[in-house]
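Novice: Quick one, structure for this:
(2 chains)
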Amino acid sequence: MTAVAATEQITVDTDPGTPLLTVENLRVAFGDAEVVRGISFTSRIGRCLAIVGESGSGKSVTARALVGLAGPESVVRASQIDLAGPDMTSTDLTRQSERSWRVMRGREIGFILQDALVSLDQLRRVGDEVAEPLKVHGWGTKASRKRKAVDLLRLVGVPEPEVKVRQRPYELSGGLRQRALIASAIALDPKLLVADEPTTALDVTIQAQVLDLLAESKVRGTSIILISHDLSVVARLADEVVVMRGGEVVEHGPVHRVLHQPRHEYTQALLDAIPSEHTRGTRLVRPAEGQTPGAAGQSTVRRARKPITHVPPVLEARHITKVFRGPDKVDRTVVNEVSFKLFQGETVGIVGESGSGKTTTARIALSLLEPTAGDVLLRGQPWSTLPASRRRPLRKQIGAIYQDPLSSFDPRWSVGRIITDALRVGNRPPSSKAEARERAIRLLEQVGLGEQHLASAPLRLSGGQRQRVAIARALAPEPEVIVCDEPVSALDVSIQAQVLDLLTDLQDELGVSYLFISHDLGVIHHMSDRILVMKDGRVVESGSADDVFERPRDPYTQRLLSALPRLAQA
Amino acid sequence: MSSISVSAASAQARLSSSLTRIRLGPAASLLVVLFLAVAVIAPALLTSRSPTAIDLGRTLLPPSPHHLFGTDDAGRDLFTRVVYGARESLGIGLGATALAMSIAVGLGFAAGLGGRIADLVINRVLEVAFAFPVLLLALLLIAIRGPSVTTEIVAVGIGSAPGYARLVRGQVLNVRQAPYVEAAGALGHRRWAVIRRHLFPNAMRPLVAVITLGIGQSIVWASGLAFLGLGVAPPSPEWGALLDSGREYITTSWWLEIMPGLVIVLVAISVTSLGRTLQYRLEGAAR
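Specialist: All right, here's what the predicted structure looks like:
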């Protein structure tokens, strides 16, 4: 069995640590579908074990099975799931009733979920939520629990904990909410902390703080099982890595070995797929043997692009500012004096954390929103200042790709209808139904789909396929510029790599320009010729990609780059 | 150690959930609605008698295999009258709902798309309409125009329109800010094309279920009006009229009230249940 074979491969560490949780041959099935197929691992005191994989790998189900929350429809089986007690007597977790799980959760095992906004009750005060496990386990009195909640929030680095305990989750930022959730998970000082994508929804600087916090609790002797799709996060925190695919373990070993000398080709492919400063100008997906590579080139190395700069830029923003008036009648400047030029055939990247104004900038570039001051030129001609009726005929020159492709498609429409609809408003409207169909098929083939997808409902497609349809739709009118707003943020790293490769291939082939917006520094560096770094609505730094990333001048950019978890940290 | 299932308790949960999954409701409702459809299109298939055939030798007979629902004070077969009354009763239900929906769509879309002032004005109008007793409105209409099927449709239709208008407005506001509506605008489609092709169908889709709920509701309302003598006049076999004419015999011949009453209840429940099933299906399809 793969799992057993993988476990036997563990190289001898100098001090592996004392085993806390021993899992052997864990299987989880939903009906006939077995999603975890016999995996084994050991979590050790004061160590972090990372379970890495993409969607559908079974990593989250594994985490949930460990805390008895795999769901009512699931069947969890294992040869052994033993949790060592304080005197090293072991508890067999396969024999827990729902009642004893409730005792175990919180006291013995803490569980941190990905999205704190969903996991915390919006109507209860943060202090009550943090103290909930204390109350459930009958710890202390009401007053002492209240004090403990303040202490816990202070421990996880929440500023002004006395004020925060009285607030409600929605009044806190994402980073603070995630810390409150961690505070509640560690309230009873559990020996084992199971963290399912604890930093995925967070900005890099906040992510760094949360990772530091988890590292501290590791030093205090907590054993952590970290579930993540992000190998860089794993590099920063984990001691041991389990790589899962399709419910099975494909590789298992110390973090340094797995990330720097992967033995399994899937691990290698995952590592290759991560966009970063090293991947610029190369393809992220290595063409497999016997497989035809993408539309543009045969080699993994792309030729250098030469933007055409002797004609006016295809898109130019001149000191655009956007002020929103809130319900409290207070004006907030969301975009402040932002200027950029985008030449034909190049990519300008806008990077920033949430609330930096990058999406508002994208919407102004698309003229879906009018700037309060400043203007946008399209092909050197007025664009944002035109009345809506005169803007409409120009829209075929500028396309858009959104973060969530599914919600950008009419739920009633098929892929074919979505694309032929975009063709009709384009630069060369098809003259007949047959021509529209033929060109829709050609577009689908261009983005790596085919005729068989014409009749599909987007809902039935995978995330990567949906984004390919969105790209086909954006290309259909034959625009000169495409504004890409976080186009790969919702995708797995290997799918992200395919989509990024596709976008660069299409740029080489068609000469389109991209205004590329992302919070992911690696993606931005990989894709962009020039970069704008935004913070609080302002451009704090701009320049060529290499200048910004290798010689950042602005303190904020420097902070962002130092917060970025890197594989080399393993 | 052998393999052990953690979810012994969950097996029980699975069993009970699979039991509720065998749902008799929708199937039975479908049967009732099919029966109703036949009654409307070809009532003669369900009964060989005439709804107006008077037989003074067989008045006020209780239900029996020969007369399923019994006979009335003129010796007419009650079952036959209920079957023939279906056309008129359903006509009122459908007509009233159709009228209510058209008013609601007009007001809802005007409020949802017409800007802040239109929204404000329409909302105030709807609030006044909500506060106005529907029965009073119906009385007013009947006083002006006299009782008839049309009056009944207009009264029930206007009475139920404000509720639908609120729903339509909410849907419009919701769908208006959907990313696909913005995406269609970004592609360069005209505003009216976006409204017609994306906004209207998507805003109306969840309302299909509400409409079926409304039909059952309207039938009940119309019957209520008729029972009070404000609807269609008694010789007609409309269900409300049947209730009205049976009222004076309620102490002696219970079937005159109970049988048509049961039919109204059964139809209202069936249509409502089908509406709910439809709603789940549609919402499931819309993720």
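Novice: C-alpha only now, for contacts and for neighbours.
Specialist: Fine.
Novice: pull the helix or strand with minimum mean pLDDT from the chain.
Specialist: Answering for chain A, as no chain was given. Sorted by mean pLDDT, DSSP states H and E, the helices and strands of chain A end with helix A:2-8, the least confident at a mean of 41.
Novice: actually chain B
Specialist: Bottom-ranked secondary element of chain B by mean pLDDT, DSSP H and E: helix B:8-21, a mean of 45.
Novice: Check which residues of the following helix or strand past that helix are buried.
Specialist: Downstream of helix B:8-21, the next assigned helix or strand under DSSP states H and E is helix B:24-41. Residues B:Pro26, B:Ser29, B:Val32, B:Val33, B:Leu36, B:Val38, B:Ala39, B:Val40 are the ones in helix B:24-41 that count as buried (16 or more other CA atoms under 10 Å in any protein chain shown).
Novice: could you say what helices and strands helix B:24-41 packs with?
Specialist: helix B:78-113, helix B:255-285 (3 or more CA pairs under 8 Å, 6 or more residues apart in numbering or on different chains; DSSP states H and E).
Novice: 6 Å instead?
Specialist: With contacts defined as 3 or more CA pairs under 6 Å, 6 or more residues apart in numbering or on different chains; DSSP states H and E, helix B:24-41 has these neighbours: helix B:78-113.
Novice: Residues of the stretch 101-250 of chain B that sit close to chain A?
Specialist: By CA under 6 Å from any CA of the partner chain, the residues of the stretch 101-250 of chain B that approach chain A are B:Pro179, B:Tyr180, B:Gly188.
Novice: how about 7 Å then?
Specialist: B:Pro179, B:Tyr180, B:Ala183, B:Ala186, B:Leu187, B:Gly188, B:His198 (CA under 7 Å from any CA of the partner chain).
Novice: Mark which of those residues are part of helices, please.
Specialist: Using DSSP state H, the members of these that fall within helices are B:Pro179, B:Tyr180, B:Ala183, B:Ala186, B:Leu187.
Novice: Name the residue of the stretch 201-350 of chain A with the shortest distance to chain B.
Specialist: Per CA to the nearest CA, A:Pro327 is where the stretch 201-350 of chain A lies closest to chain B, at 15.0 Å.
Novice: Just give the number of residues close to that residue.
Specialist: Residues near A:Pro327, counting by other CA atoms under 10 Å in any protein chain shown, number 7.
Novice: count of residues packed around the nearest residue to A:Ser276 once chain neighbours are set aside?
Specialist: The shortest distance from A:Ser276 to any non-neighbouring residue, by CA to CA, 6 or more residues apart in numbering or on different chains, is to A:Gly522 (4.1 Å). A:Gly522 has 20 neighbouring residues, counting by other CA under 10 Å.
Novice: returning to what we had before: what would the residues of the stretch 101-250 of chain B next to chain A look like in JSON lines with neighbour count?
Specialist: Below are these laid out as JSON lines (neighbours: other CA atoms under 10 Å in any protein chain shown):
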{"residue": "B:Pro179", "neighbour count": "18"}
{"residue": "B:Tyr180", "neighbour count": "21"}
{"residue": "B:Ala183", "neighbour count": "22"}
{"residue": "B:Ala186", "neighbour count": "20"}
{"residue": "B:Leu187", "neighbour count": "28"}
{"residue": "B:Gly188", "neighbour count": "24"}
{"residue": "B:His198", "neighbour count": "22"}
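Novice: What strand or helix carries A:Leu20?
Specialist: Going by DSSP H and E, A:Leu20 is part of strand A:19-30.
Novice: I'd like the mean pLDDT over that strand, please.
Specialist: For strand A:19-30, mean pLDDT rounds to 90.
Novice: cool, and stretch A:492-509?
Specialist: Mean predicted confidence for stretch A:492-509 is 91.
Novice: Give me the buried positions along that stretch.
Specialist: Residues of stretch A:492-509 classed as buried: A:492-508 (neighbour count, 16+ other CA under 10 Å).
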